[in-house]
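Visitor: return atomic coordinates for the entry below.
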Amino acid sequence: MKPTESELEILQVLWTLGKASVRQVNDELSKVRDIGYTTTLKLLQIMFDKKLVSRTEEGRYHVYEAAVSEQATQQLLVDKFVDTAFRGSAMKLVMQALGNHQASQEELDAIKKLIASMEQQS
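Guide: Sure, this is the predicted structure:
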């Protein structure tokens, strides 16, 4: 299931911290935007229902953990983005990204290695 933008922000916090209470998640989110505790709590409850996070009780608190991996979520989002914005063409995405971004030599070398690896697999 594709997470919303707000859910993705929470997942990024959980991928970084591992496990976290609502307060810990809210404190991290508050560093970049104004968000209330009850909003964070409600989002985590919705994400639990959607099976994006799992939770355990530790005393009086619920502790949340991402139930989806960062890599799988990134792949889902990229696939959806390529399909909708670039009509399924990964080449159009790469050309757009490289045309609008000054890639460093390290990035270009990594791209070349990836292409070589993909060519060897086919």
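
Visitor: by mean pLDDT, point me to the weakest helix or strand of this protein.
Guide: helix 90-99 (a mean of 84; mean pLDDT, DSSP states H and E).

Visitor: by contact count, what packs against that helix?
Guide: helix 70-85 (3 or more C-beta pairs under 8 Å, 6 or more residues apart in numbering; DSSP states H and E). (Glycine included, C-beta is placed from N, CA and C.)

Visitor: mind listing what's buried along the helix it packs on?
Guide: 73, 82 (16 or more other C-beta atoms under 10 Å).

Visitor: model confidence over that helix, on average?
Guide: The average pLDDT for helix 70-85 rounds to 92.

Visitor: that one vs helix 90-99, what angle?
Guide: 100 degrees (axes from the mean of the first three to the mean of the last three C-alpha atoms, to 10 degrees).

Visitor: distance between helix 70-85 and the chain's centre?
Guide: Distance of helix 70-85 from the chain centroid (C-alpha atoms, centre = their mean, to the nearest Å) equals 10 Å.

Visitor: pull that helix out as CSV, backbone CA atoms only.
Guide: Extracted in CSV, the C-alpha atoms of helix 70-85 (Å, rounded to 0.1, in the frame of the first residue of the first chain):
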residue,chain,number,x,y,z
GLU,A,70,12.5,1.3,3.2
GLN,A,71,13.7,-0.4,0.1
ALA,A,72,10.3,-1.9,-0.7
THR,A,73,8.5,1.4,-0.1
GLN,A,74,11.0,3.3,-2.3
GLN,A,75,10.5,0.7,-5.1
LEU,A,76,6.7,1.0,-4.8
LEU,A,77,6.9,4.8,-5.0
VAL,A,78,9.3,4.9,-7.9
ASP,A,79,7.3,2.3,-9.8
LYS,A,80,4.1,4.3,-9.3
PHE,A,81,5.9,7.6,-10.2
VAL,A,82,7.4,6.2,-13.4
ASP,A,83,4.1,4.7,-14.4
THR,A,84,2.1,7.9,-13.9
ALA,A,85,4.6,10.7,-14.6
